[in-house]
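*Asks:* what follows is a predicted structure for the sequence shown.
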Amino acid sequence: MELKDIVAKNLVELRKIFGFTQLEIAEKLNYSDKAISKWERGESLPDVETLKKLADIYGVTVDFLLTENGDIKKNLNRRKLIAGQKTLISLLATLLVWIIATVTFAVLCWCGVPTTAATYSFIVALPVSFIVLIVFDAIWGKPWLNLIFVSGLIWTIALCVFLTLKTDTAWLCFIVPIPLQLAVLFWFLLKTLNLSLKKKKQ
């Protein structure tokens with residue numbers, strides 16, 4: 001089967017699975033529905049940038065559009081299942097942090113440590129949870145999630161320090177994270193901009 005025919009078959013099947021009309025896809029891409037019709041009949045191929053946009057619409061890769069996939073519905077379901085498993089593993093790892101915090105709290109209470117001091121095990125679990133989420137997100141997550149998790153880490157560390165310090169100036173712990181948060185935000189925006197520039201060059 002020729003590449004044009006493979007892409008055409010994939011585009012038709014994906015559009016039908018997602019319940020879009022050719023006109024709706026055309027509007028999303030800023031193309032005419034005639035162009036969509038040509039691609040789906042295998043008369044022409046969309047350019048690389050358009051293929052990427054199509055892949056994003058359907059939640060697949062460009063490679064997926066360019067290869068024979070057999071039963072596309074099964075392949076899409078498998079991809080959703082894998083994504084679900086990854087999310088579940090991340091959540092289980094975070095839950096493990098809270099189980100350890102609970103066990104630590106119980107052990108400290110049994111050892112005669114005051115309850116107020118033992119609760120620090122839960123306070124420390126907050127930034128540790130964000131560290132776990134950052135690690136898993138770095139392996140298979142999305143960049144915008146990384147921004148949320150790093151921000152969460154910054155502010156939960158500030159909260160930990162605030163709750164640990166017993167002084168009148170403890171509130172200053174929430175001033176230091178502001179420039180850090182801005183730096184993280186600008187770093188994320190710069191990274192996103194660099195990725196956009198790379199895509200345009202390609």
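*Replies:* That came through fine.

*Asks:* SS state for the residue sitting furthest away from the middle of the chain?
*Replies:* Ranked by distance from the centre of the chain (Cα atoms, centre = their mean), the top residue is residue 112, with 42.8 Å. Assigned state for residue 112: coil (three-state reduction, DSSP: H, G, I helix; E, B strand; the rest coil).

*Asks:* quick check: pLDDT value at it.
*Replies:* At residue 112, the model reports a pLDDT of 90.

*Asks:* cool, residue 21 as well?
*Replies:* 89.

*Asks:* over to it: give its phi and psi.
*Replies:* As for residue 21, its main-chain torsions (degrees, to the nearest 10) stand at phi -90, psi 160.

*Asks:* contacting residues for it?
*Replies:* Residues in contact with residue 21 (Cβ atoms under 8 Å, 6 or more residues apart in numbering) are residue 15. Just so you know, the C-beta spots here come from the backbone N, C-alpha and C atoms, and that holds for glycine as well.

*Asks:* all helices for this protein, in order.
*Replies:* 3-18, 22-29, 33-41, 48-58, 62-66, 72-110, 115-118, 120-140, 143-164, 177-201 (DSSP state H).

*Asks:* nearest to residue 170, out of the ones you listed?
*Replies:* Of all the helices of the chain, the one in closest proximity to residue 170, counting by Cβ to Cβ, is helix 143-164 (5.1 Å).

*Asks:* what is the rounded mean pLDDT of the closest one?
*Replies:* Helix 143-164 shows a mean pLDDT of 89.

*Asks:* relative to residue 171, which of the helices of the chain is closest?
*Replies:* Residue 171 sits nearest to helix 143-164 of all the helices of the chain, at 7.1 Å, using Cβ to Cβ.

*Asks:* now that closest one against helix 177-201, angle please.
*Replies:* Helix 143-164 and helix 177-201 are oriented at 170 degrees to each other (axes from the mean of the first three to the mean of the last three Cα atoms, to 10 degrees).
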